[in-house]
Structures are given as C-alpha cells and as structure tokens.
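Undergrad: The sequence and its predicted three-dimensional model are supplied below.
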Amino acid sequence: MCHAANKLAAMLIVIGGCAALARAQQLSFAFDGTISRASIPTGITLPGPTINSGNAFSGTFTIDLAALDLMPGNPNFGMFQSVLDLAIVSNGNEFSLDTLGTASVFNNPDPIPDFFGLDSDASFTTNNNVLIQNGSIMVEFSTVDLGGDALPTSVPTLIDGSMAIFFDTESGLIDIGGDISTLTLVPTPSAVALSLCGLALLAALRRRITS
C-alpha cells in the first residue's frame, strides 16, 4: 500500500511539474533573408564589415505565450507585451532588443493575409565599443493560417516578410531593411523540458499499468 502511495505521489509531482512548464512555455523562432537597403552614416563604425544591399541577414526572437492581450475587446486584433528576445545579425553586426518588445496579431478576413509583427527598442555596440541606443527593430510577417488574434503556437505559413532597423544618431539616421524568406521554430529549453516531462509521465503510467 505504501509502495503504491509513493508511486502515486511521484506521478502527481511529475504531472504538477509538467503543468508548471506548460504555463511558463516560451516559443522561439528563427528567420533569415536578404538586405534590400542599407544607409550607414559616415562616422558610424560597425563592429563588422559594412552592410550593403544584397547581404544576407538572420534573426531570432522569443515570445512569452502567457502574455495577456492588451486589446481583449477586438477579436481580430491582438497586442501583447511578449517579445522577450529579438536580434538581427548581418555581416557580423548584431542589433538586439533593449526592453520588452510588443507583438501584434491581425486576423484578417480572406483573402487578405493575416499579419504577425514585432516591434522593440534596440541597441548595438560600435567597433570602438560605443553603445548606440535610441533605435528600433520592426519585423513583419504576412501569413495565411493564424486562425485568430492569439500569439502563434507553431510556425505560421509564411507568404512574405520584412524587417527594418532604425537608429537616430548624432551622425545621422541608420536605416537598414530586408526581405524575409524563411521562418522556422527553434526549440527552447522549456519546450525541451516539457517534452521530456511528457515522456517521463508516459513511462510512469506504463510502469503503473504493468505493475
């Protein structure tokens, strides 16, 4: 009896841990594409080679799926302070999020594509270790299958996308833009832990059934 009670207690602990992981789940994405415009003022020394039209870029972002909708009264538009991480890299130059960013979701009527966008303050460090702030990063995706105004929990089917980076500096405006060609899901530690938790729960149930 005691042995069975211990097994049940262990299973309840695993179930509780899985539930906690599910509530805290974050989702990370990766994207890449090609620079379509790049204006870097004279006097700004990037940490890597200069960025030109035609160069490749890559980016990542992480969203908090537990973030509340700031526009709950609109069933076709969602806004969430949920962007925990956002970075874009080109030619060894990284531009990254400064503070918690905003994600927007538009569930448009067919045949208008749905929209998923990110917006955050940004910063980067120059070649001579000067921190440049007062910037912003905007990333936009046109998709076909969001199915509502909630944050996506899987990779949306990408129609097209774009990114823009702006910095207002004493030397002038940094203006970098690009076209996004791919969007993929990146496993986060919490997602991996949740999967392992599920496997552990299945194994415990199997042992309980066979014992």
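TA: Structure received. Computed from a predicted model, the values in this text were never measured in an experiment.
Undergrad: so where's the protein shaky on pLDDT?
TA: Along the chain, the parts satisfying pLDDT under 70 run over 1-24, 188-211.
Undergrad: okay, now the domains of it?
TA: Following automatic domain parsing, the chain resolves into domains at 1-25+188-211, 26-186.
Undergrad: Mind putting these into TSV with mean neighbour count?
TA: C-beta: built from backbone N, CA, C; applies to glycine. Below are those laid out as TSV (neighbours: other Cβ atoms under 10 Å):
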stretch	mean neighbour count
domain 1-25+188-211	13
domain 26-186	17
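Undergrad: CA atoms only for whichever strand or helix holds residue 184, dumped as PDB, please.
TA: In this assignment (DSSP states H and E), residue 184 forms part of strand 172-186. What follows is strand 172-186, C-alpha atoms only, in PDB (Å, rounded to 0.1, in the frame of the first residue of the first chain):
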ATOM      1  CA  GLY A 172      22.600  60.800 -39.000                       C
ATOM      2  CA  LEU A 173      19.900  58.100 -39.500                       C
ATOM      3  CA  ILE A 174      20.900  54.400 -39.700                       C
ATOM      4  CA  ASP A 175      18.300  52.800 -41.900                       C
ATOM      5  CA  ILE A 176      18.600  49.100 -42.700                       C
ATOM      6  CA  GLY A 177      15.800  47.000 -44.300                       C
ATOM      7  CA  GLY A 178      15.500  43.500 -45.700                       C
ATOM      8  CA  ASP A 179      13.100  40.900 -47.100                       C
ATOM      9  CA  ILE A 180      12.500  37.700 -45.000                       C
ATOM     10  CA  SER A 181      12.400  34.400 -46.900                       C
ATOM     11  CA  THR A 182      12.200  31.800 -44.200                       C
ATOM     12  CA  LEU A 183      10.700  31.400 -40.700                       C
ATOM     13  CA  THR A 184      11.300  28.300 -38.500                       C
ATOM     14  CA  LEU A 185      10.800  27.200 -35.000                       C
ATOM     15  CA  VAL A 186      13.700  26.900 -32.500                       C
END
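Undergrad: List the contacts of that strand.
TA: Residues external to strand 172-186 that are found in contact with it (Cβ atoms under 8 Å, 6 or more residues apart in numbering): 27-44, 51, 57, 60, 90, 95, 132, 135, 139, 141, 154-156, 158, 160-167.
Undergrad: Which of those residues fall in strands?
TA: Members of these lying in strands (criterion: DSSP state E): 27-39, 57, 60, 90, 95, 132, 135, 139, 141, 158, 160-167.
Undergrad: residue contacts, residue 156?
TA: 114, 116, 141, 143-146, 183.
Undergrad: Please name the bridge partners of the closest residue in space to it that isn't next to it in sequence.
TA: Nearest non-adjacent residue to residue 156, counting by Cβ to Cβ, 6 or more residues apart in numbering: residue 143, 3.7 Å away. Applying DSSP bridges to residue 143 gives these bridge partners: residue 114, residue 158.
Undergrad: Thought residue 57 was touching residue 139, still the case?
TA: No - if you go by Cβ atoms under 8 Å, residue 139 and residue 57 don't touch, sitting 11.0 Å apart.
Undergrad: Let's verify residue 47: helix, strand, or coil?
TA: The three-state assignment at residue 47 reads coil, by DSSP: H, G, I helix; E, B strand; the rest coil.
Undergrad: Many thanks, I have nothing further to ask.
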